[in-house]
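In: Everything below, folded, please.
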Amino acid sequence: MTRLSSSWLCVVTTFLCVAGPATAQVTAPRSGPTVASCEDKQTMVAVGQALGLNLLMNRTDAWLVRSRDSRVNFETWSRNLEYGWQWDETQFTVNMFTHPYQGSLYVEAARANCLNYWESIPIAFLGAWTWEFFGEIWLPSLNDFWMSGLGGVAIGEILHRVSTVILDEESDGSERIWREIGALLVNPVGGLNRLVRGQWTRQGVNPADRLPESYLFRAKVGGRRVREYGSPAGPTSSPTLLLDIAYGDLFETEPRAPFDVISLLAQVSPDGGGINILRAVGRLYGKELTDRNNWQQHQLVVSQRFDYVSNPVYHFGEQTLEIGLQSRWRTGPGGLHLRTHLAGDVVMLGAIDALDAGLGQRTIDFGPGVGVIFEVALERAGTTYVSLYNRARYLRSVSGAPANHNIFFSGLDLTIPITSQLGIGAYVSGDRRRSYYEDLPKDHRSYLETRVYATWTFARGRPGSSR
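Out: Model prediction:
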C-alpha cells in the first residue's frame, strides 16, 4: 500500500471519530443571492483531525503496510526531540509530491472547520511538525517539513476551492449526491466532514465565495514526443493527458481573499513515469494600477506557486513566492485581448535531481533560489489562442553536492477552437539545465518536447472570466 492510499484510509477513519459537532458548518438564513455558510470556527476540531490523520497514518503503515519506518515509541520520540532536524535521503516523488499532498489534508481539515487561508497555515505546519517528530522512526526531515507545510497550503487551498465550485447547497436528489461524491474525490477531508455532519442531503444557500460563473475545467488528450539532445537514445513518443483548471480572473475578480484566483495544471504521460507536471498558482494579493474600464489594465500581483516537474533533463520542484505585473490590452473587436505577465520569484525551497552528486539514497539537491517569468498570450472569451512562456530559475544547493543550478524553459502553445467545447492544439517547448558543481564535472542537458492534442472544455462558467 502506498503512502497516498494509506492517507485516504486514514482520512476515512479519522473523520468517523473526530468529525466534530454537526454545527461546525451552519447555514445562515437567506438574505441575498449568496450567503457565506461557514460561520462557526472549530479550531480544536481542526487540530484534532490533523493530529488524528497522523496517528492513523502511522498505525496504517505499521499494521497494514508493516513498515518498519512507523514503529515509533518513546525512545524514537525522545531521540528525535534531542537531535532535531536533518535533510533526509528519500526520493524525489516522495519529497516533492507525496509530502505536499499529505500537507494538503491538514489544510482541508482546517478549511472544513471554517478556518480561513491564513488560519489554515499553522494547522498545516503543526501536522507536518508532529509527523516528522512522532510519525516515523527517522530523524525529522527539514525538507519534508517545509514541503508538507508550504506545498500543502497551496494544494490544499486549491482543492478546497475546486470542491466548493463542484458543490451546490441548493441542489437535491441524484444531482446532489453526484456533486458530493465529486467534491469528496477532490477534497476527501472536507467531503467526509460533510458526510458525517449530515450535509450531503441538507439544503441551504451557497457560500459567498462560490463563483460558478468564474471557473474552467479543460482536458487535453493527445500524443507527446520527447527528444533529449546528445542522448544516444532516440526520441520517445507516448500518449499524454493534461487537465487545466482555472477559477476566477485577475481582471474580472476583485481581490478579496487569498486564492480567489487560482490555476492548476497537471500532465500525465507514461514515458515520463506518470505525473510529469503539477503546477498550482494562487493569487495572494492584487492591486489595481489602472481603471477597470480602460482599454489597458495593469495589476500588481503577489502569488503563491507550487511546481513539480519531471522530464528527461531534470526533476525539479519548488515552493515559490511570486510578485509581478499582470497586464491586459484590448486589441480588437469581439473581446480580443493581449495579456502579459512579468514577474520575479523567490524560491523558498527548491529541489533538483543530481544524478552524479546525490546523498546516500537521495539523488536530489535542495536549496533556495530566485527566478523570473515572462509570458504573453492572445485570448478571447476565455479561450487562449496563442501563448508564449519563458521561465528561468537559479537554485543554490545547501543540502547535497555544493552546486549552482540554472534552469531555462521556453514554450509555445497554440489552440484552435472548433466549437464552444471542442478544439485542437499543438505545443512545443524546450528545457535546458546548467548545473555547476564545485568538485564535480558540470552537467549540461537540454530537450525538446512536442505535443498535439484535442481539447475538451467540459465545464465552463461565464466566458471571459476564467483565464
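In: A helix includes Y447, no?
Out: No: the assignment for Y447, made by DSSP: H, G, I helix; E, B strand; the rest coil, is strand rather than a helix.
In: which residues sit in contact with the residue nearest to it when sequence neighbours are not counted?
Out: Leaving out its chain neighbours, the residue that sits closest to Y447 by Cβ to Cβ, 6 or more residues apart in numbering is E228, at 4.3 Å. (C-beta placed from N, C-alpha, C; glycine too.) Residues in contact with E228 (Cβ atoms under 8 Å, 6 or more residues apart in numbering) are P312, V313, R445, S446, Y447.
In: Equivalent analysis for P255, please.
Out: Applying Cβ under 8 Å, 6+ apart to P255 gives the contacts R283, Y285, G286, K287, E288.
In: one more time with 6 Å, if that's ok
Out: Contact analysis of P255 by Cβ atoms under 6 Å, 6 or more residues apart in numbering lists G286.
In: Double-check that it belongs to a helix.
Out: No: counting by three-state DSSP, one finds P255 to be coil, located in no helix.
In: Give me the buried entries from the contacts of E228.
Out: Among the contacts of E228, those buried by neighbour count (16 or more other Cβ atoms under 10 Å) are P312, V313, R445, S446, Y447.
In: Could you check the pLDDT of the closest residue to the first one other than its chain neighbours?
Out: Put plainly, it is P312. Leaving aside its sequence neighbours, P312 sits nearest to E228 (Cβ to Cβ, 6+ apart; 4.5 Å). E228 is assigned a pLDDT of 89 by the prediction.
In: Then R460?
Out: Confidence at R460, expressed as pLDDT, is 69.
In: can you check L211 too?
Out: 76.
In: The closest residue to it other than its chain neighbours: what's it in contact with?
Out: Counting by Cβ to Cβ, 6+ apart, G248 is the residue found nearest to L211 once chain neighbours are left out, at 6.7 Å. Applying Cβ under 6 Å, 6+ apart to G248 gives the contacts S214, D260, V261.
In: any idea how far the nearest residue to the last one once chain neighbours are set aside lies from F133?
Out: With Cβ to Cβ, 6+ apart as the criterion, V261 has its nearest non-adjacent residue at 3.7 Å, and that residue is G248. Look at G248 and F133: by Cβ to Cβ, to the nearest Å, they are 38 Å apart.
In: same deal with V72?
Out: With distances taken as Cβ to Cβ, V72 is found 9 Å from F133.
In: Please report the distance of E169 from G191.
Out: Taking Cβ to Cβ, one finds E169 at 14 Å from G191.
In: I should have written L211 there, sorry.
Out: Separation of L211 from G191 (Cβ to Cβ): 20 Å.
In: With neighbour numbers in mind, choose between these two.
Out: Taking other Cβ atoms under 10 Å, L211 and G191 do not tie; G191 has more neighbours (25 against 22).
In: isn't the more buried one right up against L185?
Out: No: using Cβ atoms under 6 Å, G191 makes no contact with L185, being 7.7 Å away.
In: show me the residues around L395 that make contact.
Out: By Cβ under 6 Å, 6+ apart, the neighbours of L395 are G350, I352, G367, G369, H405.
In: nearest spatial neighbour of the first one, skipping sequence neighbours?
Out: Translated: G350. Leaving aside its sequence neighbours, G350 sits nearest to E318 (Cβ to Cβ, 6+ apart; 4.0 Å).
In: Show me what the one you found bridges to in the sheet.
Out: Here E318 sits in beta bridges with D307, G350, going by DSSP bridges.
In: Count residues in the vicinity of it, would you?
Out: 26.
In: Kindly state the pLDDT recorded for it?
Out: Predicted confidence (pLDDT) for E318: 95.
In: where's it relative to W131, distance?
Out: E318 is 22 Å from W131, where distance means Cβ to Cβ.
In: Can you list the low-confidence ranges for the stretch 1-150 of the chain?
Out: The model of the stretch 1-150 of the chain has pLDDT under 70 over residues 1-37, 39.
In: ok, which stretches of it are helices?
Out: Using DSSP state H, counting those that start in this stretch, the helices of the stretch 1-150 of the chain run over 3-17, 43-60, 74-83, 92-93, 99-112, 117-134, 142-146.
In: Looking at the ones you listed, spot the one closest to R68.
Out: In terms of Cβ to Cβ, the element of these nearest to R68 is helix 74-83, at 11.2 Å.
In: any chance of the buried ones among the contacts of E228 in TSV, plus distance to S174 and pLDDT?
Out: Shown next, in TSV, are the buried ones among the contacts of E228 (distance: Cβ to Cβ, whole Å; pLDDT from 0 to 100):
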residue	distance to S174	pLDDT
P312	46	78
V313	48	80
R445	52	91
S446	52	94
Y447	47	91
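In: Serialize the residues you listed to a markdown table and add fields for distance to S67.
Out: Shown next, in a markdown table, are the buried ones among the contacts of E228 (distance: Cβ to Cβ, whole Å):
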| residue | distance to S67 |
| --- | --- |
| P312 | 31 |
| V313 | 33 |
| R445 | 35 |
| S446 | 39 |
| Y447 | 36 |
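In: Could you give the number of residues near G230?
Out: Neighbourhood size, G230 [other Cβ under 10 Å]: 8.
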